[in-house]
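Enquirer: My questions concern the predicted model and sequence given below.
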Amino acid sequence: MKSLKAGRIISDVIIYIILVALSLIWLAPTVWLILQSFGAGGIAVRSKFIPDSFTFENYLWLFSNWTGQTNPNANVHAYDGMFSRWFLNTLIVSVLTCLISTFLVLGTAYALSRFRFKGRQALMRMNLIIGMFPGFLSMIIMYWVMRDIFHLQGSYWSLVIIYSAGAGGGYYISKGFFDTISKNIDEAAEIDGASRSDIFWKIILPLAKPILVYTILTSFMGPWGEYVTSSYIIGLQNPDNWTVAIGLYQMMSGQDTAVTYYTQFAAGSVVVALPISILFFILQRYYVSGVTGGAVKG
Amino acid sequence: MEQNNEKMDDVEAQVAPSPVSDTDILSSPQKAMNPFAYFFISFGKFFAKIGLWLLDLILSIFLSLWHFIKTVGIGCYKFVLGVGRFFQKKAFEFSHNDWAGRMSYLIWGTSSFRNKQYFNGVLYIVFEVVYTMFFALNGAHSIYMLGSLGVVQSGPDPTCDDTICPYINGDNSIMILIYGLLWVLSLLLFFYIWNRSIESGYTNYRINQFLKYENVIEKTIPLSRKLDQDAVEAYANKQSKREFYAAHKDEIDAFTNTFEDPKAKSYAAYLLKNTCTVSYEHLAKAAKAKARLQKLEQQKAAALTKRDEGYQALLAKKPADNEEAVAAFGEKVERYQVKTTNVEVNWGHKIDKQNNVLAEIEKQYLCYAEQESVKNNNLYGRYNEYYSHLTKLRNKETLYEHYEDLVAVYQDRYGKAKEKNEDNAKELVKLEQEYQEKLKETATKFQGMRERKAALNQELAKVKADSRAEMKAIQAKNDPDKEEQLAKAKDNLVDNVTRIMRSLHDFPDDKAIKAMEKEENQESRSAYRRDKKYLKTNYTDASYAAEEVLNELIVAYNLPYAEAKAAAHEILKKENGKVSFLSQEEVTARLAEVRAAEQDYQEKHPEQYQGRPKRFKETWNTLLNEKFYITMLTIPVLGTLFITVVPLLFSILVAFTNYSSGHTPPTQLFTWIGWGNFQNLFNPAPDSVYAALPNALLHTVGWTLLWAVLATFTNYFLGIVVALLINKKSIKLKKLWRGIFVTTIAIPQFISLLSIGVLLKDSGALGTWWWQTTGSRLGFATDTSTTGVFWTRFIIVCVNVWVGIPYTILSTTGILLNIPDDLYESARVDGANAWTQFWRITMPYILFVTGPYLITQFIGNINNFNVIYFLSGGGPALVGSGLLGLGQTDLLITFLYKTVTSNSNPQYGIASAVGIIVFILCSFISIVMYNKSGAVREEDQFQ
């Protein structure tokens, strides 16, 4: 019996060692990025795990001297004072998209979970198949539609339209959740004279709080860190309209700017990641329930 | 919930080690085996399993292909058939219609105007006029332009001779394609609304002619029934549908000739012809169900025979009088019986199900004329204004006829409100008590369940402890037959444990019990609240008496609630807070009035079936109630249509054009080139710029698939391993560990990946460190040598693990916690070590539950843009990929992105062709996999 206990302790110790090692690996890049963001001395910092000297300048740069227009001169310093503008753009796009697509996703999920109508199965199957089409091929056409039909070229409003119009397709997890809410509740409410829309707004939604929070969280996080669609639709001509993802990526991809703005990039990344991480950790338990439900329900 | 449980049972049934197979491990005691041998054997078993699985996969790919071809074929056939039937129906509806209905084939909304539904009519006609106008002005041209995709090139006017020519804004091929596509799609909408207008015209006609049609149907029903009966015999004689119809043609003609009206005649002929078809279809359906039932019964019989034969064979092996051998044999027989107990039950269950199907088919069946009558009533009868008006008048008549009785009721009850209040108060107390009792009952019920479960668990523990003690004693005794005794004790233990486990398996898991309890409580609460509402305790005398009159009207005279309420108000006119009644004369006068009105109405409407379909406003109102799904789905469906479906069609079209550098709008035009892009992909001319394309594509597809497999499985298995480590019972600080891993989800991917990309650069911190320690360059995404490519790919997979594991941890943690402990208990009793437990219990369980998730992950990895693009950007370069600038780690999706966004050499046509290939690949893989994983097929069971 004693040897059994000893074995258990040894295995526990091994597991703890593995977990600590893994945690270090998992946290290292993040910690490194944060350290870099405080690093002084520009591009040279990136070859060090810990910068030689620290400064707060990088953060000050992010939210300083936005004059309301693009800096006209200077190639190397093209992005001075642009970050706050990008941040605002991203915030507007994310909040609007979040509101609209949450409504659409939950509405779709409710309709598909509670109603049986002709073509329901076909609709769901179509959605599954369409989801396999490489998404950004549709960007070519959306670029032209936004440019020549809606005249929204280079505007972040076109992003809001594109993000939220396609949102309804991601109903799976919420539908899985609605399916688990007993239908007796609906029926009882219907006997009491509630219409189907009343049931959705006054009965199902309050019961579906976890999934509501999950949907809000994911539909906010999506546009916040999205690069491919936004860079193609907004284009690279006018930095005034960029989102943070485009801005940060452009900072790093230009030969000159990558040198000038390296530490600022790190600081910008931290600022972008911070609100979303905080939000995420506060609402983590909802996220977990959403992911788990989704995995089980497929 | 129930279905959920069923599903869980399925899982358990699959996962639960069956008692017999476990004994295999026991009968060859663990300690006798060399640990290395054991390791190799289990490894061999593992590979054998994978081999089988692959074989199965290949087989199912072929099966899916065949299935796909079959489905498409049947779909096309059905589509053609459906189009034919559609026009047939339209022609029938045209011939059975009045002038307004026929007009509405051409001028929409005519019949709506005729039925005084002006708003609907205006909508139809306005849509028609506006659409036609725009189509003539713009649409026709747009569709025409699709043929050439533009003819006028932008640039200086070629016809002018001056040195400075005016600039011409030429055609834009893309916009031509988009507008053409949209106009073609809008034609579908046009035909849909056209059909709606025709339908509404026909509906109007049928509502007005309801009685005539109903008469024809009623007269036809006997013959229709007779035909049905004849069909049974004819079907049994293998007569075909056509032969059957031909044989009864004379009879049918003779019957239809009895009608004088040509429309009635043709309608009757239509009914009878359809009777022949429909009854044959029904017979075929029933025959199919019966055949399946018979097959099931045969299978059951075969299974039972097999069981019995196995039993006999086992008995035949009974050993001679060696006492121990006989005892062991007895146990073996017992185990065989345990294993086979469910055979009969399972087959019985299947047969019952099929019986229900058959019963359903037969129960539903009506002869066609009857079916048509039901449809007629449902579709057209309910709109009848004549009857609804008459019913209202008759209700009033009833009211005045029984006026005195109602007043008597009122007066009788007046003054008894206090009593009623007291009664209701008592009832309320009683109701409350009942409710509480019900709650208690539920609580005890589930408590009992839990206690029984706990008791079983205790018993299990006790049995185990006992036998452990026994074994220890045997160990200590050092008898000569120690081994045998040990084996016997172990067998004994297994039997006991299996017995208890079987009882334990009858119980749902704790979570399910809790959910069931909650649901039951909720049900009783809603019932309680509903009843409570009707037990008022604050009646005044007047309100109570009025309520009773209302009840009387509803119960005794069958008035609908709304009308009864209005009627009750009419009797009990309140003036200055005092109720007054009508005098005898007044009642008589009103009765006469109502009767006169009724007679008048009947005389004025000799054609009884006057009606109209729903008004616009009524249709509108249903959108918040029974048609609420339309309200909710319109925007998402339209959004998906314009964001995904239209672009999809567009891409498919672009794949057949030469949209590429040198043909880029708006300054240049592109045009149709047929299969040229596909030819450039697979078989380009050797000296063309596309010569390197097939190899590059093959390379990319190979790496994409390799990547998808590697990425999916590393993430999945490592994620499960980490989740298992975190969830081990003795590990503390579970939330902290989980939180640390989850940081990678919280940070936007483009940030974490970009910064890791920097870290890995030769000038980045890791690259520098590598340089300082090894003296060689890390060369991530830049070193084009074979080892360089290998390390780049290796690092990318590792980073993907870093990004992806947390998702697996989150999604499997809950599932891991839900695996019943007793499964592990029994495995441990069987002597299975951790490795076996993982492969035989944990993995099958998780795989079953997360199968669909795994498929989604696989598809997601094929299209995993972020990791590749932000980390390596596709590098190191693929030498010889020519104009495309492909990299060694480019996936199909980044390849697409590069070809599309390239400034110097965009290749939209080829990108679209590749996009179609990716699409076909993904949908094919997922269809195969979905068909293989059972969980998806049961999608409907969830609801």
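Expert: Sure thing, it's come through.
Enquirer: For stretch B:366-379, give the mean pLDDT please.
Expert: Across stretch B:366-379, pLDDT averages out at 84.
Enquirer: outside of stretch A:248-267, which residues touch it?
Expert: A:33-34, A:36-43, A:45-46, A:58-59, A:61-62, A:75-79, A:83, A:227, A:231, A:236, A:239, A:242, A:268-269, A:272, B:750-751, B:754-755, B:758, B:870 (C-beta atoms under 8 Å, 6 or more residues apart in numbering or on different chains). Heads up, the C-betas are built off the backbone N, CA and C, glycines and all.
Enquirer: Same question for stretch B:915-927.
Expert: With C-beta under 8 Å, 6+ apart, stretch B:915-927 has contacts from A:128-129, A:132-134, A:137, B:64, B:68, B:651-652, B:655, B:681, B:855, B:858-859, B:862-863, B:892-893, B:896.
Enquirer: Could you pull out the helices in the stretch 301-450 of chain B for me?
Expert: Ranges of helices within the stretch 301-450 of chain B are B:323-364, B:368-379, B:385-401, B:403-413, B:417-477, based on DSSP state H, counting those that start in this stretch.
Enquirer: so which of those helices gets nearest chain A?
Expert: helix B:417-477 (10.0 Å; C-beta to the nearest C-beta).
Enquirer: Can the closest one be said to contact chain A?
Expert: No: judged by C-beta under 8 Å from any C-beta of the partner chain, helix B:417-477 makes no contact with chain A; its nearest approach is 10.0 Å.
Enquirer: which is the next helix or strand following that helix?
Expert: As assigned by DSSP states H and E, the chain's next helix or strand after helix B:417-477 is helix B:482-505.
Enquirer: which helices and strands does that following helix pack with?
Expert: Helix B:482-505 is packed against helix B:19-27, helix B:323-364, helix B:417-477, helix B:821-829, with contacts defined by 3 or more C-beta pairs under 8 Å, 6 or more residues apart in numbering or on different chains; DSSP states H and E.
Enquirer: Pick the most buried one from the ones you listed.
Expert: The highest average neighbour count among these, using mean count of other C-beta atoms under 10 Å in any protein chain shown, belongs to helix B:821-829 at a mean of 18.
Enquirer: Which is the succeeding secondary structure element to that one?
Expert: The helix or strand immediately downstream of helix B:821-829 is helix B:834-837, counting by DSSP H and E.
Enquirer: before we move on, the earlier item: pull out the buried members of the contacts of stretch A:248-267.
Expert: Among the contacts of stretch A:248-267, the ones that count as buried by 16 or more other C-beta atoms under 10 Å in any protein chain shown are A:33-34, A:36-39, A:45-46, A:58-59, A:61-62, A:78-79, A:83, A:227, A:231, A:239, A:242, A:268-269, A:272, B:750-751, B:754-755, B:758, B:870.
Enquirer: Now do the contacts for B:Glu243.
Expert: If you count contacts by C-beta under 8 Å, 6+ apart, then B:Glu243 has B:Ala234 around it.
Enquirer: meant to ask about B:Gly764, not that
Expert: A:Arg46, A:Ser47, B:Val758.
Enquirer: Show me what the mean pLDDT comes to for the helix or strand containing B:Lys295.
Expert: Taking DSSP H and E as the criterion, B:Lys295 maps to helix B:262-316. Helix B:262-316 shows a mean pLDDT of 88.
Enquirer: Run through the neighbouring helices and strands of that helix.
Expert: helix B:35-95, helix B:210-236, helix B:241-247, helix B:249-256, helix B:323-364, helix B:368-379.
Enquirer: Near the spatially closest residue to B:Ala231 that is not a sequence neighbour, how many other residues are there?
Expert: Nearest residue to B:Ala231 in three dimensions, chain neighbours excluded: B:Ser279, at 4.2 Å (C-beta to C-beta, 6 or more residues apart in numbering or on different chains). Neighbours of B:Ser279 under the rule other C-beta atoms under 10 Å in any protein chain shown: 25.
Enquirer: Pull up the gap between B:Ser279 and B:Tyr368, please.
Expert: Remark: distance between B:Ser279 and B:Tyr368 (C-beta to C-beta, to the nearest Å) = 7 Å.
Enquirer: Show the backbone phi and psi for B:Arg530.
Expert: Main-chain dihedrals, B:Arg530, degrees, to the nearest 10: phi -60, psi -50.
Enquirer: Check whether the helix or strand B:Thr813 falls within comes near chain A.
Expert: Using DSSP H and E, B:Thr813 sits within helix B:786-818. Yes: Helix B:786-818 lies within reach of chain A by C-beta under 8 Å from any C-beta, at B:Trp802, B:Tyr807, B:Leu810, B:Ser811, B:Thr812, B:Thr813, B:Gly814, B:Ile815.
Enquirer: before we move on, what about stretch B:556-565?
Expert: No: Stretch B:556-565 lies apart from chain A when judged by C-beta under 8 Å from any C-beta; the minimum separation is 11.0 Å.
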